[in-house]
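*Asks:* Attaching a predicted model along with its sequence, questions to come.
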Amino acid sequence: MSAAVSILQKIFGYQAFRGFQEEVIEAVVRGRDALVLMPTGGGKSLCYQIPALMRQGVAIVVSPLIALMKDQVDMLDDLGITAAYLNSSQTAEESQEVIDRLYRGDIALLYVAPERLMTPKMLSMIEQLPVSLFAFDEAHCISIWGHDFRPDYGELAQIKERFPHIPRIALTATADPQTREEIAERLLIDPQRFIASFDRPNIRYRMVEKTKGYLDEVANFIIGEHMHESGIIYCLSRRKTEQVAQELQNRGVDALVYHAGLDQWERESNQNQFYERPCVMVATIAFGMGIDKPDVRFVIHLDMPKSIENYFQETGRAGRDGLPAEAVLYYGLEDVVQQRRLIDMSEADDDYRSVMMAKLEAMLALAEDSGCRRVRLLDYFGESSAHCSNCDNCENPPMTKDVTVEAQKLLSCVHRCYQTNGLGFGAAHVIDVLMGERSEKVLARGHDRLSTWGIGQGLSAKFWRKVLRQLIIKHYVKVRYELRNVLSLTAKARSVLRGEEAFYVRVEGTKKLSTRKVLEHDDLNDDELALFNELRMWRREAALEAGKPPYLIFPDATLLQIAKVKPRTPEEFLGISGVGQKKYERYAEAIFEMLAKD
């Protein structure tokens with residue numbers, strides 16, 4: 001494996017492999033199939049890029065997103081590695097140029113979407129080429145148990161039948177045990193399995209129930225803690241992304257918008273700007289896989305994700321440089337109702353809807369859990385962990401409360417309202433009846449005369465929504481989406497109503513986001529900090545001149561090391577993590593000049 005280490009150091013600029021990277025590379029170079037689970041930012045791409053440079057022929061990399069392909073190819077090009085992609089963004093002439101290069105043997109790695117790969121024309125062409133390996137990135141997409149299931153990935157199962165002697169490597173950052181089994185069965189032959197820790201210890205997890213002023217809290221958090229730093233805010237709807245971005249812009253935050261409703265030019269322009277400068281991207285999950293900016297300092301969800309896998313992958317876009325980062329989730333009853341409605345309205349089959357419902361329930365259980373967030377999160381992926389002291393529940397432990405009597409009152413109110421029309425009423429109306437409100441709708445229905453009217457007085461609507469949310473997610477209450485979200489009881493509710501089963505909820509006091517800033521660069525003295533800022537300004541100018549994102553020049557972690565080490569010789573410069581031979585040739589002279597002035 002000395003050749004692999006040499007490539008790692010001379011081309012990629014790293015002195016040593018991390019985790020089991022070296023073992024994966026050795027297995028693939030020997031021709032063995034491999035299943036690789038490694039968290040976002042853990043270095044998955046090296047596990048197939050280095051074997052691609054060690055084996056004869058072209059490596060075929062299956063990638064789900066055009067933007068991801070472009071980023072990977074740009075990065076490899078900057079390292080002096082011949083790479084290309086074939087996708088729908090190219091003209092016929094551009095595609096033909098790539099194909100000509102393939103036949104000439106000029107390409108080491110070819111990125112292609114699964115739909116393109118599985119066309120008869122593409123498969124026929126591959127049969128005529130020397131292929132070094134197949135790499136399936138975001139491999140969870142093949143599984144019904146995966147959070148980004150894509151039917152077009154299913155066709156990839158033919159690859160191992162058609163090319164049985166070419167090694168395959170399947171890679172993903174998020175896969176529960178069932179997903180792993182399906183990946184291995186459908187894509188690989190007797191794979192060697194490499195499962196890394198899912199833990200991202202540099203990320204602080206916090207989950208907060210939505211209150212009326214939560215958007216003000218988000219704005220204050222960004223302005224007070226992360227002004228002029230990069231972050232992502234995820235919203236469920238396009239309209240909400242635009243509203244949130246406008247509110248942040250009104251308060252002086254550099255905020256951009258990204259969703260599928262924008263035209264392609266605007267989406268690409270905003271994505272490029274996000275890479276080029278520190279700013280906040282307010283986006284739907286259309287801003288998804290392939291986000292490769294290393295210095296994202298926070299990810300905020302303003303609506304609950306549909307699964308723990310989605311949450312883990314999206315929060316994993318924070319702190320890829322290994323420096324401290326934040327993951328904040330705001331959630332509420334309307335999130336649960338909306339996500340379940342989307343699942344029920346899906347055209348997918350019953351099995352898939354059942355899988356997605358179970359994943360949603362697991363996500364809500366994580367949000368409402370009173371224990372360590374990291375312990376619960378890692379347990380979902382089959383990994384044990386000690387309490388982390390870096391999440392809201394560890395910093396400020398919540399309490400649980402027996403609310404069996406309150407749950408009985410709420411269930412009784414749902415049932416009494418249901419009896420008046422045989423269909424049921426929505427959550428807001430039921431809570432109004434419970435709290436003794438004399439709203440127009442309550443009076444018009446005569447629900448102020450129900451035996452349950454007013455039996456919930458003295459407790460807040462927020463509390464009743466919390467109890468109702470738990471009753472819904474645990475299947476004591478059914479939401480009939482086809483009838484505008486009316487509520488009815490399930491057979492399971494009887495055990496609580498009869499007092500045969502206790503019911504508990506998490507209790508929180510007033511809790512706001514703490515004001516601890518997560519990234520101060522306290523380890524730098526004044527001169528080093530000034531040099532670091534000067535290096536960042538130089539990097540931005542170099543990136544603009546080269547027409548590429550700044551992180552492709554050098555990530556912050558590399559600039560921090562340069563500021564501390566102040567390399568004066570080629571050997572010292574090449575010893576900086578992230579500085580390979582090509583980057584040294586391109587950028588060392590400018591940095592040496594800067595250091596000489598220091």
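*Replies:* Perfect, I can see it now. Just so we're clear, the structure is a prediction, and the values are computed from it rather than from any experiment.

*Asks:* When you work out contacts or count neighbours from here on, use the C-alpha atoms and nothing else.
*Replies:* Noted.

*Asks:* Give the next helix or strand downstream of the longest helix anywhere in the chain.
*Replies:* Ordering each helix of the chain by length in residues (DSSP state H) puts helix 526-546 first. Next helix or strand after helix 526-546 toward the C-terminus (DSSP states H and E): helix 550-553.

*Asks:* Show me what that next one is in contact with.
*Replies:* With contact meaning Cα atoms under 8 Å, 6 or more residues apart in numbering, helix 550-553 is reached by 75, 78, 275-277, 293-294, 539-540, 542-544, 583.

*Asks:* Where do the strands of the stretch 251-400 of the chain begin and end?
*Replies:* With strands called from DSSP state E, counting those that start in this stretch, the stretch 251-400 of the chain shows them at 255-258, 280-283, 296-301, 325-331, 399-402.

*Asks:* any idea of the mean pLDDT for the third one?
*Replies:* It stands for strand 296-301. For strand 296-301, mean pLDDT is 95.

*Asks:* confidence score at the spatially closest residue to Ile343 that is not a sequence neighbour?
*Replies:* Nearest residue to Ile343, sequence neighbours excluded (Cα to Cα, 6 or more residues apart in numbering): Arg353, at 6.0 Å. Looking at Arg353, its pLDDT reads 77.

*Asks:* ok, now which ones touch Arg353?
*Replies:* Ile343, Asp344, Ser346.

*Asks:* Go through those and say which is closest to Gln419.
*Replies:* Ranked by distance to Gln419 (Cα to Cα), these are led by Asp344 at 24.7 Å.

*Asks:* Quick check on the contacts of Arg353: which are buried?
*Replies:* Applying 16 or more other Cα atoms under 10 Å to the contacts of Arg353, the neighbour count classes Ile343, Asp344 as buried.

*Asks:* of all the contacts of Arg353, which comes closest to Leu236?
*Replies:* Among these, and counting by Cα to Cα, the member closest to Leu236 is Ile343, at 13.8 Å.

*Asks:* Cross-check the contact I'm expecting between that closest one and Met356.
*Replies:* Yes. Assessed by Cα atoms under 8 Å, Ile343 is found in contact with Met356 at 7.0 Å.

*Asks:* want to try JSON lines for the contacts of helix 550-553, with distance to Leu450 as columns?
*Replies:* Formatted as JSON lines, the contacts of helix 550-553 follow (distance: Cα to Cα, whole Å):
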{"residue": "Met75", "distance to Leu450": "67"}
{"residue": "Asp78", "distance to Leu450": "72"}
{"residue": "Tyr275", "distance to Leu450": "59"}
{"residue": "Glu276", "distance to Leu450": "61"}
{"residue": "Arg277", "distance to Leu450": "59"}
{"residue": "Lys293", "distance to Leu450": "57"}
{"residue": "Pro294", "distance to Leu450": "58"}
{"residue": "Arg539", "distance to Leu450": "69"}
{"residue": "Arg540", "distance to Leu450": "67"}
{"residue": "Ala542", "distance to Leu450": "72"}
{"residue": "Ala543", "distance to Leu450": "69"}
{"residue": "Leu544", "distance to Leu450": "69"}
{"residue": "Lys583", "distance to Leu450": "75"}
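
*Asks:* With neighbour count added, can I get these in JSON lines?
*Replies:* Listed next are the contacts of helix 550-553 as JSON lines, based on neighbours: other Cα atoms under 10 Å:
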{"residue": "Met75", "neighbour count": "18"}
{"residue": "Asp78", "neighbour count": "16"}
{"residue": "Tyr275", "neighbour count": "21"}
{"residue": "Glu276", "neighbour count": "18"}
{"residue": "Arg277", "neighbour count": "16"}
{"residue": "Lys293", "neighbour count": "21"}
{"residue": "Pro294", "neighbour count": "22"}
{"residue": "Arg539", "neighbour count": "23"}
{"residue": "Arg540", "neighbour count": "18"}
{"residue": "Ala542", "neighbour count": "17"}
{"residue": "Ala543", "neighbour count": "18"}
{"residue": "Leu544", "neighbour count": "12"}
{"residue": "Lys583", "neighbour count": "21"}
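
*Asks:* For the residues you listed, work out which two are farthest apart.
*Replies:* Within the contacts of helix 550-553, two members stand farthest from each other by Cα to Cα: Arg277 and Lys583, at 20.9 Å.

*Asks:* mind showing which ranges of the protein have poor pLDDT?
*Replies:* 1, 67, 144-149, 288-290, 473, 481-482, 508-523, 598 (pLDDT under 70).

*Asks:* For the residue of it most remote from its centre, give its distance to Tyr418.
*Replies:* Seen from the C-alpha centroid of the chain, the residue lying at the greatest distance (Cα atoms, centre = their mean) is Arg449, 49.1 Å away. The gap separating Arg449 from Tyr418 is 14 Å, by Cα to Cα, to the nearest Å.
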